[in-house]
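Student: Need the 3D shape of this:
(4 chains)
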Number of protein chains: 2
Amino acid sequence: MTIRDVARVAGVSYQTVSRVINGHASVADATRRRVEDAIDSLGFRPNRAARELAGKAARSLTVLTSDTSLYGAASTLRGIEEAARTACFAVAVTVLDRHAVPDRDELRTRLARPGEPVVVIAFDAPGVHALRLLPADTPVVAAIERPSDGEAVSTRSQAWLDDRIAAARATRHLLGLGHRTVHYLALPSSTAQVAQRTLGWLDGLRAAGAPEPPEVEGGWTPRTGYLAARELVANPSVTAVLCGNDDVAAGVMRAAREAGRHIPGDLSVAGFDDVPLAAFLAPALTTVRLDFEGLGRTCFGLLHRLLDPSAPAPDPCDEPALVVRESTGPRRGTSG
Amino acid sequence: MTIRDVARVAGVSYQTVSRVINGHASVADATRRRVEDAIDSLGFRPNRAARELAGKAARSLTVLTSDTSLYGAASTLRGIEEAARTACFAVAVTVLDRHAVPDRDELRTRLARPGEPVVVIAFDAPGVHALRLLPADTPVVAAIERPSDGEAVSTRSQAWLDDRIAAARATRHLLGLGHRTVHYLALPSSTAQVAQRTLGWLDGLRAAGAPEPPEVEGGWTPRTGYLAARELVANPSVTAVLCGNDDVAAGVMRAAREAGRHIPGDLSVAGFDDVPLAAFLAPALTTVRLDFEGLGRTCFGLLHRLLDPSAPAPDPCDEPALVVRESTGPRRGTSG
DNA sequence: AGCAGGTGAGTGACCGGTCACATGCGCTCC
DNA sequence: GGAGCGCATGTGACCGGTCACTCACCTGCT
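Tutor: From the prediction side, this is the model:
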C-alpha cells in the first residue's frame, strides 16, 4: 500500500499523490478530489519511516524520564504529550532506572536516529546524568529542578518551576502561623549542588530570623517520609515540617499520628505538588501546587522552537501557589 | 553519518558494516574489530527509519491510553515500557481525551505506519472506543476490564486482571466482619455491559445471602467519590462501602468524617488498586492490590508473540490480593 | 504569429539502511 | 591436481516516500 498504488487507482503519477498528501498547491481541484477518493477507498496511510528518510522533518521526540509513578514526572509527561499531540509530534518514552546510572550506549539506542529531539525530565540524579550523556548533536530540553549556573549542562535548553519561591512561600506561611522555625525533609538531591527548595526554605527562615535546623535527607515515597520522620516527630520542639513532596508529607503525618502528635494542633505539615489526593488526606494537606503540566508544555514548546524557530513561544507556567488546607495551623505546641 | 562513512573509515564495504551492526556471523574477527572501532570513533548510530524502511522488523509499538495521571493506567504503561525496553522495543504514547470520542483519522495518524503494533489501555470508554476504531491490519493487544463475550472486539488479543475475584474478595472480607451488606461505589463503566467488579461484588453478596443494594455510579477521582458518598454516608444503615478505586475511597472517607461517622467504627471503607498512598491515609486503607505493572508486561508479551510467535510467553500477573489495613473493621454500627 | 510566463503534472535521483545474489579465496577430498 | 565446498566480502536492487528538475499546455501580450 504505497503512494504508487494510490496513484494507479487515481490515474495520476505518484508525485501528484505526494502533493495532495502534503497539501501542496498547484494541484487541480478535480485531480485532488480523485486522489483523495483513492486514498480513502484504499485506506492508505503514509509510512512515517519512508517520509522521514526522504528528508521530511521527523515530528517525533523522545522523553527520558525516571519513574513515572511519581506525580511530578507523570504530570510533566502528560503536559509534553498533550502539547506534542496538538503539534502533531509523536512521543516516545523511555523510563530510566531510578537506582542505576544510565548507560550511554543504551541511551543512544533508544533514540530513533542521530538528531532525534529529546526532553529529559531531570528531577532526580538519573535524569541529570542522562542529560549529560546525550550526544552533542541532539536537540534537547530538560525539565530540571533549577537552572544550572555555569555548568556544562547550561548549553542545553532548560525549563523549571520556581522551586525556590515555592519553598519560601510555604516556609513563610508556616512561620506566619507562629512557629519558631520550620524543619525541612528534603527529597534526594539531583545534583551535587544545594537544591533550590532548600535555598527557598532557608530564604524563608532567614527573612524571619528563624533558627536554621539541619535539613533532613529523605526519599520520594510515603514510606521514606514515614521512616525519616519518626525521629523528627519524637522531638517536641519540632512544630512545623515542610516535606519534599505530598507523598512524603503523608508519611510524616502517619508518623506523627503514631507518635501521638495531633495535626495541626501539635505539628504542622506541608508538602509540595498538590497531588489529587492531597485535599482528601486526613487532615487535608497544605501544599504548594506546582504546574507540572505547564512545565511539560513549556518543555515541548522550547524543543519545538529549537527545531523550528518560527514555532510559537510556549505559554508560561503557573507560578507555584500555596494551597492552605488543614494540616497547618497556629503553633500551640508543648514547648519551644 | 551513514554505514557508508563507517565503511570507508574501516576500509570495508557498507554491507560488512551492516553485518557487524546486526551481529551477523561470518565476519572475520579482525574485520569486525576494525568496523567496531570505526563505529565508535565516528559515534555512528543506525537510522531507525532507514532500517525499518528496508524491511527490518520495526521493534516499536504505540500505547493508547487515557489519562495517565490515574494510577492504574500509569502503572500499566510502566509495565509495558519496562517489558518493551528489555526487548528493545521503542514505546510511543498517545493519550486519549477522557471526555471526547477518539477520532478515527487522528488515531491512524498517530500510528507510525500501517501495521504498527498497538497496546490499548482500555479501562474506560474512550479506550474501548479507540480499540474499535483501530484498522483491522493493526496487531493490537488491549488491557481491558474484562474479557468480552462474543463481541467484535474478541478477535483481538486481550489481557485483564481478575476484577471479579478482586471484588468478591473485598466483599467477602467486609461481610466476614459482620456487615449486613456492602454498598458499592462503582467506577464509570467502560462498556455497556455489567462491569466485572460489579459482578464480583454481587457474587460476594449472593454467596452470603446478603441484600443487594443498588450500585452507586461514581467517577475516577477523590472528588467524585466525595460527592457521591455524601448521600451514602448520611444513611446510618450503610456500614460498609466498597469503592471503585483508592482515590474514590479517600473521597468517601472524607465525606464520612464530615458526616461524623468514624472509620472503621461506624463505617468500613475499602478500595481497589493499592496506590502508594493507601497505606498512609488516615485510617490506612484496606484495598485490593492489583498488579497493573504485571498486566502491562503481559500486554507487551502478548503483542510480542503476535509479531513473533517464537517470543517467550509472558509471565502471569499476580492475583488480586486483599490488603487489610485500618479502614475496615467489625460492624458496630448504630443500626441495621 | 511569436514568445514570455504560469499552471498542472511527470521523471529520475536520492535518503540510509537491508536483502538476495555474485564473487574470490583457501581448504578438503577423491 | 582439479572438483566441490564453506567462509568472508562485495555488488545491485529495493523499501516508500520527497526533492529538484523537466515538460506539455494554455493564456495573454506585443
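Student: For the residue at minimal distance from the centre of chain A, what is the enclosing helix or strand?
Tutor: Nearest to the mean C-alpha position of chain A, by C-alpha atoms, centre = their mean, lies A:Thr76 at 3.4 Å. Secondary structure assigned from DSSP states H and E places A:Thr76 in helix A:71-86.
Student: Please find the angle between the direction vectors of that helix and helix B:71-86.
Tutor: Computed by axes from the mean of the first three to the mean of the last three C-alpha atoms, to 10 degrees, the angle separating helix A:71-86 from helix B:71-86 equals 80 degrees.
Student: neighbouring contacts of helix A:71-86?
Tutor: A:61, A:63, A:65-68, A:90-91, A:93, A:119, A:121, A:123, A:143, A:245-247, A:273, A:275, A:290, A:292-301, A:304, A:314, B:67-69, B:74, B:93-95, B:110 (C-beta atoms under 8 Å, 6 or more residues apart in numbering or on different chains). All C-beta spots, glycine's among them, are computed from the backbone N, C-alpha and C.
Student: Each with direction, which strands does the helix or strand following that helix pair with?
Tutor: For helix A:71-86, the following helix or strand on the C-terminal side (DSSP H and E) is strand A:90-96. With DSSP bridges as the criterion, the sheet partners recorded for strand A:90-96 are strand A:60-66 (parallel), strand B:90-96 (antiparallel).
Student: Including distance to DNA strand C, mean neighbour count and mean pLDDT, could those strands go into TSV?
Tutor: What follows is the strands paired with strand A:90-96, written out as TSV (distance: least, C-beta to the nearest atom of the strand, whole Å; neighbours: other C-beta atoms under 10 Å in any protein chain shown; pLDDT from 0 to 100):
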stretch	distance to DNA strand C	mean neighbour count	mean pLDDT
strand A:60-66	16	25	95
strand B:90-96	15	23	96
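Student: For these, could you give me TSV that also reports distance to DNA strand D?
Tutor: As requested, the strands paired with strand A:90-96 are exported to TSV (distance: least, C-beta to the nearest atom of the strand, whole Å):
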stretch	distance to DNA strand D
strand A:60-66	15
strand B:90-96	18
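Student: Distance to B:His179 added to the ones you listed, as TSV?
Tutor: Written out in TSV, the entries for the strands paired with strand A:90-96 read as follows (distance: least, C-beta to C-beta, whole Å):
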stretch	distance to B:His179
strand A:60-66	42
strand B:90-96	38
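Student: Nearest to A:Arg172 among these would be which one?
Tutor: A:Arg172 sits nearest to strand A:60-66 of all the strands paired with strand A:90-96, at 30.8 Å, using C-beta to C-beta.
Student: Just the CA trace of the closest one, in PDB.
Tutor: What follows is strand A:60-66, C-alpha atoms only, in PDB (Å, rounded to 0.1, in the frame of the first residue of the first chain):
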ATOM      1  CA  SER A  60       8.800  13.000  16.800                       C
ATOM      2  CA  LEU A  61      10.600  13.300  20.100                       C
ATOM      3  CA  THR A  62      11.700  11.000  22.900                       C
ATOM      4  CA  VAL A  63      11.000  11.700  26.600                       C
ATOM      5  CA  LEU A  64      13.600  10.400  29.100                       C
ATOM      6  CA  THR A  65      12.100  10.200  32.500                       C
ATOM      7  CA  SER A  66      12.600   8.300  35.600                       C
END
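Student: ok, now which ones touch whichever residue of the stretch 151-300 of chain A sits closest to DNA strand C?
Tutor: Using C-beta to the nearest atom of the strand, the point where the stretch 151-300 of chain A gets nearest to DNA strand C is A:Arg156, with a distance of 24.3 Å. When contacts are counted by C-beta under 8 Å, 6+ apart, A:Arg156 touches A:131, A:140-142.
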